[in-house]
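K.L.:
Sequence first, then the predicted structure:
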Amino acid sequence: MLCLIQVNGHAQFLKKLKDKVAQKVGDRVSDKVADKAADAVGGPANTNGNSGMPGSTTGTGGPSNTMGGGLKNTAPPDVNQNINDAEKSTTAADYGNARFALQQAMTGVEIELGRQLLQSLPQTISGLNKDTTKNLVQSLQYGWSNLTIQTAYSDGKNKQLKITIGNNPMYAGAVSMYFNNYTLIQNNGDNNNKMKQVRVKGNNGLIQFDASSGYQVFIQLGQSSMISWECVNFATEDEVMAAVNSFDIDGIKKTMGEQ
């Protein structure tokens, strides 16, 4: 059974990982992430015929929405205020509100940490300028278990490097399974060299190439964090690795508390 789970998960892992980190704020993330999680371990995808959130009528014969202004871009939760609220609620034995306030405080910490990390990244990489309009800090769950931090570098034309720093125990674990299965790496790479292991400043990594999407590099940080780079219209593997090695991996680890 473990062998079957491993084979099914490996066969689809890189595609699923790419799909996950490409999600934008406002996507219907709950079902999509659940589907990817099920696929990555060889389980069934969502089969309820509804790609929306619980209670959605999309795809069930109900009316289509034609109105609404969307959600406002609000400030992240105030960490200190929510900690104070949690203390007051705990004193009053109102543990439901105490729990909610602590969750809000944690979300605020994650968002501020993500913003700090984005600011610490270099302004240029291999002649490409940071595009701050592509900055993304997204926290899907409480407790540092589904945080995505993302930005991109571009020449303003058709060359781009996108870096995604994330924390997801399942996907980071799947990367680790690849590192620990050298035979599988060799079989997937065969004579076409589609994927192979690399080292990025002392860290185990994977690099793959696809003619339609370019190069991708992945490294694992700690038990559940990882970094991925998507490099579009880079000429060679050496050019990709030079760009990837320009990042301060130790600094990223320190900010994320992985060392």
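P.N.:
Here it is on my side, so go on.
K.L.:
measure V232 to I219 for me?
P.N.:
19 Å (C-beta to C-beta, to the nearest Å). (C-beta placed from N, C-alpha, C; glycine too.)
K.L.:
whoops, R199 was the one
P.N.:
Taking C-beta to C-beta as the measure, R199 and I219 are separated by 9 Å.
K.L.:
Next, show the common contact partners of the two.
P.N.:
Contact criterion C-beta atoms under 8 Å, 6 or more residues apart in numbering; residues shared by R199 and I219: G205.
K.L.:
And the two? Which one has more around it.
P.N.:
The residue with more neighbours, out of R199 and I219, is I219; 24 against 11, by other C-beta atoms under 10 Å.
K.L.:
Any regions of the stretch 51-200 of the chain where pLDDT drops low?
P.N.:
In the predicted model of the stretch 51-200 of the chain, residues 51-60, 140-145, 168-193 satisfy pLDDT under 70.
K.L.:
For it, which segments are assigned as helices?
P.N.:
79-91, 95-120, 169-179, 182-189 (DSSP state H, counting those that start in this stretch).
K.L.:
CA atoms of the first one as CSV?
P.N.:
Once side chains and other backbone atoms are set aside, the C-alpha atoms of helix 79-91 remain, and they are given as CSV (Å, rounded to 0.1, in the frame of the first residue of the first chain):
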residue,chain,number,x,y,z
VAL,A,79,-1.4,41.2,16.6
ASN,A,80,-1.1,43.1,19.9
GLN,A,81,-4.8,44.0,20.0
ASN,A,82,-5.8,40.4,19.4
ILE,A,83,-3.4,39.1,22.1
ASN,A,84,-5.0,41.6,24.6
ASP,A,85,-8.5,40.4,23.5
ALA,A,86,-7.4,36.8,24.1
GLU,A,87,-6.2,37.6,27.6
LYS,A,88,-9.4,39.4,28.5
SER,A,89,-11.5,36.5,27.1
THR,A,90,-9.5,33.9,29.0
THR,A,91,-9.9,35.9,32.2
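K.L.:
and it with helix 95-120, angle?
P.N.:
Per axes from the mean of the first three to the mean of the last three C-alpha atoms, to 10 degrees, the angle that helix 79-91 makes with helix 95-120 is 160 degrees.
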